[in-house]
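Peer 1: What would the 3D arrangement of this be:
(2 chains)
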Amino acid sequence: MLDIKFIRNNIDKIREAIKNKKANLDLDKLLAADERRRHLLSESEILKAEQNKRSKGPQSPVDLEELKALKEKIKLIENELKSVEEEYERLMMVVPNIPTDDTPIGKDESANKVLRKWGKVRKFDFKPKEHWEIGEALDLIDNERASKVSGARFTYLKRGLALMQFTLIQYAMSVFVDEKLIKKIIKNNNLDLKTNPFIPVIPPVLIRPDSMQKMARLEPKEERYYMPADDIYLVGSAEHTLGAMHMDETFNEKDLPIRYIGYSTAFRREAGSYGKDMKGILRVHQFDKLEMESFCLPEDSIKEQDLFVGMQEYLVQSLNIPYQVVAICTGDMGGPDARQIDLEMWMPGQDRYRETHTADLMTDYQARRLGTKVKRAGGSEFVHMNDATALAIGRTLIAIMENYQTKKGTIEVPKVLRKFMGGIKEIK
RNA sequence: GGAGGGUUCGCAUAAUGGUAUUGCACUGGUUUCGAAAACCAGCGGGAGCAAUCCCUUGCAGGUUCAAGUCCUGCACCCUCCGCCA
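Peer 2: Numbers count the residues shown, from 1 in each chain, chains lettered A, B, ... in the order given. Purely as a prediction, here's the structure:
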């Protein structure tokens, strides 16, 4: 959610953002609701002031009559105010965040901009297989049984692949808590930031509707798993519970940035993707993920996002998987994002780059509803928030399978992972 | 799932149904060579240039001229019972 004052003072900017982000919103309707809301508010405040003034102490019968009438009048106005406010809130929710100046403008993914590529795409002396072929051949992925037991888009990850999941978690965690390494990554990316290491967290995977709403992640609802008996949702990302962790809290400036690295399962209904990516584990209802989340000072938030991308690149480079970094354009990015950067790993079996990471700069869009603030010399203000994939384990496993496959059909274990994997060099 | 107790500013506290008290901490000022102490002010949110006004006692409703206080529902915390990885 944006600041209504900002909206009032930057109507053209908001109109442009609505258009570029293809948001479904009539801004004039919002502005009218805002005006009506403020009018009714001041009207009721004047009457309440009178009520407060006259209700001090015991009343004469005449006063009681008059105050009773006043009370009814206030009630009428407040009823109208309530319905106007509901409309206002509903519309405020739909106002998208303002894209940063360096965000490409465009209507769909064709306008996304590749910022850089890294790594040499390996030349195979055989036709590289897709991950699901390798997975089935080595009995690492069993979608068939999973669909019998749980339904389509579920999987059993087995053997070396299951083991490698824990290996990846262990390895990645060791990176995110390493302050020296973070310092180096900050320096290499030319960022002027504090070196606070990431705090490891295992957050809840169930979340209440209210918290989800404040994170601006309740929509699209058809993408969420919901359990009516308890009025609770399954998270679609650790971001949902990590970001909401500090709602209604005020930080001290010196404690920022606060960085978390969270591990959780993510649940997605994948509504509207019927028939897409049905094979293997690229698009499933349930996958595990390491997620970065941070709370920082407003002036640092773009750099903080760059650090998040730097962390992603460090990890992917150390796995020696070619990738490209993509600036997502206005029409393709999320509504709450001010800037979205994706990282796509090279998948030789598919012969293309596929999205494996995303980094979202939220500015104060989520913090405003969450009530997460920082106390500063000039008063308190809303913090800026960033979230980003640290490691989407399923898709990283795919990239490893496809990039490290051998002619004889086995998978070589990336060097950096071997010491976490009991010395196993090859999955066969 | 059941029984009881609780939730007031960062912390701690007060308030016969009569309009949120006080202390600590914090911030600014006076004082000082500097600091401590002392003193003054501020110390939840909103509207306004301002005077000022409104809202705010976990949340949402209700009763009342008036609700921290009474009533209803919900959330969370604590103690105990039951069940349980």
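
Peer 1: ok, so what distance separates the residue in the stretch 251-400 of chain A positioned nearest to RNA strand B from A:Phe251?
Peer 2: When scored by C-beta to the nearest atom of the strand, the stretch 251-400 of chain A has A:Ser380 as its residue closest to RNA strand B, at 4.8 Å. C-betas here are computed from N, CA, C, even on glycine. Between A:Ser380 and A:Phe251 the computed distance is 9 Å (C-beta to C-beta, to the nearest Å).

Peer 1: More neighbours: the two, which one.
Peer 2: A:Phe251 (20 against 12; other C-beta atoms under 10 Å).

Peer 1: Next, give phi and psi for that one.
Peer 2: phi -90, psi 160 (degrees, to the nearest 10).

Peer 1: bridging residues for it?
Peer 2: Note on A:Phe251: beta-bridge partners by DSSP bridges are A:Val374.

Peer 1: how about it, what does it touch?
Peer 2: A:258, A:295, A:372-375, A:383 (C-beta atoms under 8 Å, 6 or more residues apart in numbering).

Peer 1: and what of A:Asp277?
Peer 2: For A:Asp277, the contacting residues are A:Arg283, by C-beta under 8 Å, 6+ apart.

Peer 1: so what's the backbone phi/psi at it?
Peer 2: The phi/psi pair for A:Asp277 (degrees, to the nearest 10) is phi 50, psi 50.

Peer 1: circling back: sort the contacts of A:Phe251 by pLDDT and name the bottom one.
Peer 2: Of all the contacts of A:Phe251, A:Lys375 carries the smallest pLDDT score, 80.

Peer 1: was I right about it contacting A:Thr250?
Peer 2: Yes - using C-beta atoms under 8 Å, A:Lys375 makes contact with A:Thr250 at a distance of 5.4 Å.

Peer 1: Run through the residues of chain A sitting next to RNA strand B.
Peer 2: A:5, A:38, A:42, A:45-46, A:48-49, A:51-59, A:64, A:67-68, A:70-71, A:82, A:250, A:377, A:379-380 (C-beta under 7 Å from any atom of the strand).

Peer 1: Just those: which are in helices?
Peer 2: A:5, A:38, A:42, A:45-46, A:48-49, A:51-54, A:64, A:67-68, A:70-71, A:82 (DSSP state H).

Peer 1: For stretch A:142-161, measure first residue to last.
Peer 2: From its first residue to its last, stretch A:142-161 covers 11 Å (C-alpha to C-alpha, to the nearest Å).

Peer 1: Give the buried residues for that stretch.
Peer 2: If you call a residue buried by 16 or more other C-beta atoms under 10 Å, then stretch A:142-161 has these buried ones: A:142-143, A:146, A:153-157, A:160-161.

Peer 1: Likewise for stretch A:398-408?
Peer 2: Buried residues in stretch A:398-408, defined by neighbour count with 16+ other C-beta under 10 Å: A:398-405.

Peer 1: Low-confidence ranges, the stretch 151-300 of chain A, go.
Peer 2: Low-confidence segments of the stretch 151-300 of chain A (pLDDT under 70): none present.

Peer 1: What ranges does the stretch 201-350 of chain A have for its strands?
Peer 2: Counting by DSSP state E, counting those that start in this stretch, one finds strands in the stretch 201-350 of chain A at the ranges A:206-207, A:226-227, A:232-234, A:250-252, A:258-267, A:286-296, A:323-327, A:339-347.

Peer 1: I'd like those strands laid out as CSV, including distance to A:Asp28.
Peer 2: Below are the strands of the stretch 201-350 of chain A laid out as CSV (distance: least, C-beta to C-beta, whole Å):
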stretch, distance to A:Asp28
strand A:206-207, 34
strand A:226-227, 34
strand A:232-234, 33
strand A:250-252, 35
strand A:258-267, 38
strand A:286-296, 35
strand A:323-327, 31
strand A:339-347, 27
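
Peer 1: Relative to A:Lys184, which of these is closest?
Peer 2: Proximity to A:Lys184 (C-beta to C-beta) singles out strand A:258-267 among those, at 15.7 Å.

Peer 1: Contact partners for the residue nearest to A:Leu2 when sequence neighbours are not counted?
Peer 2: Distances taken as C-beta to C-beta, 6 or more residues apart in numbering put A:Val95 closest to A:Leu2, at 5.4 Å, once the chain neighbours are dropped. By C-beta under 8 Å, 6+ apart, A:Val95 lies in contact with A:1-2, A:7, A:14, A:18, A:23, A:25, A:27, A:30.
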